[in-house]
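[1] Provide a 3D model corresponding to the input given below.
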Amino acid sequence: MKVPDLNVGKRLFCGLGKPEALGRGPAEIRGSAYLQGPTITGTATFPNVWASSMIGPLINPESPPPVIPGSLCMGISNPYSLAVVGPAAFMGNVDTNLSVNVGLHVIAQGEVVSRCGLHVLSRKKNFDIPHPSKKGWRLRHTCPEAPTNDVYIRGTLKNKDFIELPSYWKDFVHQDSITVSLTPVGAHQDIIVKRIDESKIYLQAKSAIPIHCFYHVYAERKDGESLIPEYKGKTPADYPGDNQQYSISGFHYDIKD
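    Numbers count the residues shown, from 1 in each chain. Modelled structure (predicted):
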């Protein structure tokens, strides 16, 4: 039997109850729907009941594919089974079997982890924190891998006898942890580190040639506990320090050995 289109002027309820979120009486939200599952839309075959609402791929000869620059969409099927224009809220886990494509920002209030099978997928490891010295600013660094929570600066010095430190380092690193590596450029210059204060590293050379060198400067962050690089345990949960200060990129506590 062919069923004509169903037009709902107010609200559509499938199941028991009328949730408060949709409103009642004068406060009714028109065009809303409450589905108490399982509800399957589309022609997809699900192996079992996965959720109270399961939305299959859209296969509809009356619905042409949207024009998407660079898209390889073929035929008459739209590439999405669900499209949301405007904010959307998920109060539980969101699990995907394929890619997550984001046009703007991904904002996470907790730890961000990533996995690909049993292999850790890790790209640049960054931190982005409120600026320690400038109100209303933020500070972002990308992190090297080391047994200490280090930050570094590097560069070339020419015709100067001091290295300028970032202004925020005085509030950000242990000054006594600063180490300096110097590589003379062009000729031996017998360069030494004479002293270090909050803003500069002062150099001295025996040669009459003006200083010209490459430099690396490392220091350990002081806005947290010192890293414990080796510890006894089977998973990162066994870490003897404060795990809340760290994000273990790519580690899935329930799967990885």
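[2] For the residue nearest to Val185 when sequence neighbours are not counted, give me its contacts.
    The spatially closest residue to Val185, leaving aside those adjacent along the chain, is His212, at 4.5 Å (C-beta to C-beta, 6 or more residues apart in numbering). Just so you know, the C-beta spots here come from the backbone N, C-alpha and C atoms, and that holds for glycine as well. Taking C-beta atoms under 8 Å, 6 or more residues apart in numbering, we find His212 in contact with 156-159, 184-186, 189.
[3] Run through the bridge partners of His212.
    Beta bridges link His212 to Lys158, judged by DSSP bridges.
[4] Where does the prediction get shaky in the stretch 51-200 of the chain?
    Filtered on pLDDT under 70, the stretch 51-200 of the chain yields the residue ranges 52, 56-81, 105, 107-125, 143-144.
[5] the strands in it, which residues?
    Using DSSP state E, counting those that start in this stretch, the strands of the stretch 51-200 of the chain run over 53-55, 115-116, 119-120, 126-130, 138-142, 150-158, 162-164, 179-184, 191-196, 200-205.
[6] Would you mind giving these as TSV with mean neighbour count added?
    Listed next are the strands of the stretch 51-200 of the chain as TSV, based on neighbours: other C-beta atoms under 10 Å:
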stretch	mean neighbour count
strand 53-55	15
strand 115-116	12
strand 119-120	12
strand 126-130	11
strand 138-142	11
strand 150-158	14
strand 162-164	16
strand 179-184	15
strand 191-196	15
strand 200-205	17
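[7] Same list, those strands, but as TSV with distance to Pro236 please.
    As requested, these are exported to TSV (distance: least, C-beta to C-beta, whole Å):
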stretch	distance to Pro236
strand 53-55	35
strand 115-116	14
strand 119-120	12
strand 126-130	18
strand 138-142	21
strand 150-158	20
strand 162-164	36
strand 179-184	28
strand 191-196	35
strand 200-205	36
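[8] just so I know, which of the ones you listed lies nearest Ser226?
    Ser226 lies closest to strand 150-158 among the strands of the stretch 51-200 of the chain, at 10.9 Å (C-beta to C-beta).
[9] residue contacts, Tyr152?
    So Tyr152 contacts 144, 216-219 (C-beta under 8 Å, 6+ apart).
[10] out of these, which one sits closest to Leu227?
    Nearest to Leu227 among the contacts of Tyr152, with distances taken as C-beta to C-beta, is Pro144, at 12.7 Å.
[11] Out of the strands of the stretch 51-200 of the chain, the one nearest Asn243 is which?
    Closest to Asn243 of those is strand 126-130 (C-beta to C-beta; 15.8 Å).
[12] Any chance you could list what contacts that closest one?
    Residues from elsewhere that reach strand 126-130, judged by C-beta under 8 Å, 6+ apart: 137-143, 223.
[13] Quick one: closest of the strands of the stretch 51-200 of the chain to Tyr34.
    strand 53-55 (10.4 Å).
[14] Just the buried subset of the contacts of Tyr152, please.
    In those, burial by neighbour count holds for 217-219, counting by 16 or more other C-beta atoms under 10 Å.
[15] ok, back up a step: which members of the contacts of strand 126-130 are the farthest-apart pair?
    Pairwise distances across the contacts of strand 126-130 peak at 19.4 Å for Trp137 and Cys143 (criterion: C-beta to C-beta).
[16] Got the confidence number for the residue nearest to Lys160 when sequence neighbours are not counted?
    Ranked by C-beta to C-beta, 6+ apart and with sequence neighbours excluded, the top spatial neighbour of Lys160 is Ile211, at 6.5 Å. Note for Ile211: predicted pLDDT of 94.
[17] and if you look at Phe46?
    Listed pLDDT for Phe46 reads 67.
[18] go on, Ser207?
    76.
[19] Could you count how many residues lie near it?
    12 (other C-beta atoms under 10 Å).
[20] Who are the contact partners of it?
    187-190.
[21] and which of these is nearest to Gly92?
    Of these, the one sitting nearest to Gly92 (C-beta to C-beta) turns out to be Gln189, at 63.1 Å.
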